[in-house]
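# fold the following and give me the result.
(2 chains, ligands or ions: 2)
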Amino acid sequence: MTTNKTNASGEPGGVSPRTMSENIVRGLTPSGSPAGQVVAEPWGYHTVRIHEITPEVADVATYHLGFDDSAVAVAYRFQPGQFNMLYLPGFGEVPISLSADPRSSTTWAHTVRAVGNVTQKLASSKVGDTLGLRGPFGSGWPLHTAEGHDVVIVAGGLGIAPLRPAIYELLRQKNRFRSLTLLYGSRTPETILFEHELPEWSQRGMTVQLTVDRADAAWSGSVGVVTLLLDRLSLNDPQQTSVFMCGPEVMMRFVGKSALARGIPESQLWLSMERNMQCAIGLCGHCQLGPTFICKDGPVYRHDHLAPFLNVEGL
Amino acid sequence: MTALDLLQKAHFASKLPAAVLERLAAIARVVEWNEGALIFREGDHRDDLYVLSSGHVTLEVNVPGRGLTRILTVRSGELLAWSALLGDGRMTTSAIATEPTQAIAISGRELRQLCEADHEVGYHVMGQVASALSQRLLATRLQLLDLFAKPH
Ligand SMILES: Cc1cc2nc3c(=O)[nH]c(=O)nc-3n(C[C@H](O)[C@H](O)[C@H](O)COP(=O)(O)OP(=O)(O)OC[C@H]3O[C@@H](n4cnc5c(N)ncnc54)[C@H](O)[C@@H]3O)c2cc1C
Ligand code: FES
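Numbers count the residues shown, from 1 in each chain, chains lettered A, B, ... in the order given. Ligands and ions are numbered 1, 2, ... in the order given. Model prediction:
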């Protein structure tokens, strides 16, 4: 278990060090600048303004944030899978993944579900309001490790948000992968996120399979949990298949189990974890899971580096 | 295609030895439903169980106060109406073909007789049925956990 490495480069914990630009598929980084660069001191906030709010589904909206400082806007880069700390003065600070296209250059999307103090305050914000942002933090999806493979993305609920930047990059670099498949599970047909983008993703070469946990008779699509989609997926060659998953922890446990049962090597399974956070730079210990700090070593991990801690009560 | 051809391709039967497949095919027939066809209704007594060879079937339960609730989509290669083999033949859900669907139908009564007469066949068939049902049980548990619900 080697997950406890310093991770300034955005490399998932426990994987040999690489340069930042190697972390996503090589050659992806816009204008040759390093991806995932932290543009300020880790404690320093930048003022960002809400340029646009896209209501997605009940209690979920995408906030398109732009930096007030144009120099910061030019320098800001992130890797698919990384997150920012968003600060609402008087309410607190929350880690939120970037759901934007990593090639964004004017605004950066964050898709947020209103669950508590900070996120509900954000939900009452308007276009033009400002907040503080520090980041990006954490490891990104190591898409380069899947080059030449069949790539299977498994997303559950809001878990599709941190995967969306990876989907954009995979589609852009489609020829580097043998095939792209998205298996997406939602609670109901009404809570499918980014539904309007799914037809475009499939037109551009991604096989998209959608399932919902429950539906009424008006829904003619698939019903059943997302793990069943993986159980049923026909695989060309499990040894040459990579899986990137994000969703509730229990879901990921069973997706991992299903992938292993299908013969996909554990070293090709990647997941993104969530824990409460405070400092986001590996100092406070709030996000500790076993020997690893999710803010610094994660949130994206290789399955075998985290599996021993996924099922441990109290961790 | 014959019932044997279709069985050979079905995921449900993928681990059955050739000799067992042939015994099953001898009591099987191919059936088809149009999109929207009601295959059986919750509470109906049915003797046939099915292995889907193409198409989709959606299972529905009538929940008082909520109406018809879709709980699972059964796909090509999977088992439908297992109560015909294991239970009293009373269907626990309604089943609707959500697209043109083809299946291999096997009489539950005849299959039980076959399994009783030849325990070797019974062992293999019941092993596959148990594996299909355990996968469905696990999926049902995850569904019950309502993992994507908003945290309270
Ligand atoms: C790396 C990372 C990336 C994240 N990305 C996103 C994202 O893209 N979009 C998004 O909406 N959220 C994301 N989250 C979760 C988000 O940070 C929390 O929902 C947020 O911190 C809640 O803060 P709050 O003050 O609104 O709620 P609180 O008042 O702190 O909590 C309200 C309720 O929500 C529950 N809760 C808090 N955090 C979580 C959580 N992480 N998972 C499940 N339940 C929780 C609490 O137990 C409580 O019941 C991410 C978390 C991490 C660690
Ligand atoms: S939030 Fe990870 S150590 Fe502080």
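# now the residue of chain A positioned farthest from its centre. Nearest residue, chain neighbours left out?
Residue farthest from the centre of chain A, counting by C-alpha atoms, centre = their mean, is residue A:217 at 32.1 Å. Spatial nearest neighbour of residue A:217, excluding adjacent residues (C-beta to C-beta, 6 or more residues apart in numbering or on different chains): residue B:68 at 4.5 Å. Where you see a C-beta, it was placed from the backbone N, CA and C, and this is true even at glycine.
# pretty sure the one you found is touching residue A:216, no?
Yes - using C-beta atoms under 8 Å, residue B:68 is in contact with residue A:216, at 6.5 Å.
# neighbours of the residue lying closest to residue A:74 once chain neighbours are set aside, how many?
Spatial nearest neighbour of residue A:74, excluding adjacent residues (C-beta to C-beta, 6+ apart): residue A:105 at 7.9 Å. Residues lying near residue A:105 (other C-beta atoms under 10 Å in any protein chain shown) number 12.
# next, residue A:105: phi, psi?
Dihedral pair for residue A:105: phi -140, psi -10, per degrees, to the nearest 10.
# show me what the longest helix along chain B is packed up against.
For chain B, the helix that runs over the most residues, judged by DSSP state H, is helix B:119-145. Other elements packing on helix B:119-145 under the criterion 3 or more C-beta pairs under 8 Å, 6 or more residues apart in numbering or on different chains; DSSP states H and E are helix A:226-232, helix A:249-261, helix B:18-26, strand B:67-75, strand B:79-80, helix B:108-117.
# so the second one, near chain B or not?
I take that to be helix A:249-261. Yes - against chain B, helix A:249-261 shows contacts by C-beta under 8 Å from any C-beta of the partner chain at A:250, A:251, A:254.
# continuing past that helix, what's the next helix or strand?
strand A:269-272 (DSSP states H and E).
# contacts for the next helix or strand after that following strand next, please.
Later in the chain than strand A:269-272, the nearest helix or strand by DSSP H and E is strand A:288-289. The contact list for strand A:288-289 (C-beta atoms under 8 Å, 6 or more residues apart in numbering or on different chains) reads A:273, A:275, A:294, A:298, A:306, A:309, A:315.
# among those, the buried ones, what's the PyMOL command?
Remark: buried members of these, expressed as a PyMOL selection using 16 or more other C-beta atoms under 10 Å in any protein chain shown:
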select buried, chain A and resi 273+275+294+298+306+309
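# looking at the contacts of strand A:288-289, spot the one nearest residue B:59.
Looking at the contacts of strand A:288-289 and their distance to residue B:59, the nearest is residue A:273, at 33.5 Å (C-beta to C-beta).
# which of residue B:68 and residue A:216 has more neighbours?
Taking residue B:68 and residue A:216 together and counting by other C-beta under 10 Å, residue B:68 has the greater number of neighbours (17 against 14).
# fine by me, we can end here.
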